[in-house]
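A.B. asks: here is a sequence with its predicted model. Questions after.
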Protein chains: 2
Amino acid sequence: MTVLEIRIELKKGVADPEGENTKKALELLGFEVKSVKSIKVFDIELDEENPDKAVEIGKEMCRKLLANPVIHKYSVEVKRE
Amino acid sequence: MTVLEIRIELKKGVADPEGENTKKALELLGFEVKSVKSIKVFDIELDEENPDKAVEIGKEMCRKLLANPVIHKYSVEVKRE
């Protein structure tokens, strides 16, 4: 069993309205914030025992479903084996 | 300047429809998946130089805005100083 951590973040220059609005809300509450970036993470548990193969499967998941290559970059790491 | 990584995840036993639907979609694409857990991460840049103080500010942000204590647990880490 392998648990992957797949991190989907916006490419540089792509607007991040969720981050922007979170920043505004924190400022309204009195926090001083320079920037907020929103990131989506999926922890995915696979039966695959080989960590290298699991990472390859994770990258394929990003290409086929989880990430939009126009706006997202992604990283896949083994969290637990 | 300190960059915090704030991780908001669902408590055990709380339904995760986003994770469930992602799992179904991955299975429809032919992937074998045991579980998918969805997590929200914010990278927050602060002017605060002291990393311990920055973490305290991050935890206060979670309590006041970012996390719902009924369903979420959160962790705050210093990503870059």
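C.D. replies: Everything's here; your move.
A.B. asks: which ones are touching the residue sitting furthest away from the middle of chain A?
C.D. replies: The C-alpha centroid of chain A is most remote from A:Gly30, which lies 27.9 Å away (C-alpha atoms, centre = their mean). Not one residue lies near A:Gly30 by C-beta atoms under 8 Å, 6 or more residues apart in numbering or on different chains. Quick note: C-beta positions are derived from backbone N, CA and C, even for glycine.
A.B. asks: backbone dihedrals for it, please?
C.D. replies: phi 100, psi 0 (degrees, to the nearest 10).
A.B. asks: quick one, grab the pLDDT at it.
C.D. replies: According to the prediction, A:Gly30 has pLDDT 97.
A.B. asks: gap between it and B:Ile57?
C.D. replies: Distance, A:Gly30 to B:Ile57, using C-beta to C-beta, to the nearest Å: 11 Å.
A.B. asks: can you measure across stretch A:27-46, start residue to end residue?
C.D. replies: 40 Å (C-alpha to C-alpha, to the nearest Å).
A.B. asks: buried set for it?
C.D. replies: Using 16 or more other C-beta atoms under 10 Å in any protein chain shown as the test for burial, stretch A:27-46 gives A:31, A:33, A:36-46.
A.B. asks: adjacent strands (with direction) for the longest strand belonging to chain A?
C.D. replies: Looking across chain A with DSSP state E, the single longest strand is strand A:35-46. Note on strand A:35-46: by DSSP bridges, its sheet partners are strand A:2-10 (antiparallel), strand B:35-46 (antiparallel).
A.B. asks: can you lay out these as CSV showing distance to B:Gly19 and mean pLDDT?
C.D. replies: Output for these, formatted as CSV (distance: least, C-beta to C-beta, whole Å; pLDDT from 0 to 100):
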stretch, distance to B:Gly19, mean pLDDT
strand A:2-10, 12, 97
strand B:35-46, 4, 98
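A.B. asks: beta partners for the nearest residue to A:Glu20 once chain neighbours are set aside?
C.D. replies: Nearest-residue entry for A:Glu20: A:Val36, 7.3 Å, with adjacent residues in sequence omitted and distances by C-beta to C-beta, 6 or more residues apart in numbering or on different chains. Beta bridges link A:Val36 to B:Ile44, judged by DSSP bridges.
A.B. asks: thanks a lot, catch you later.
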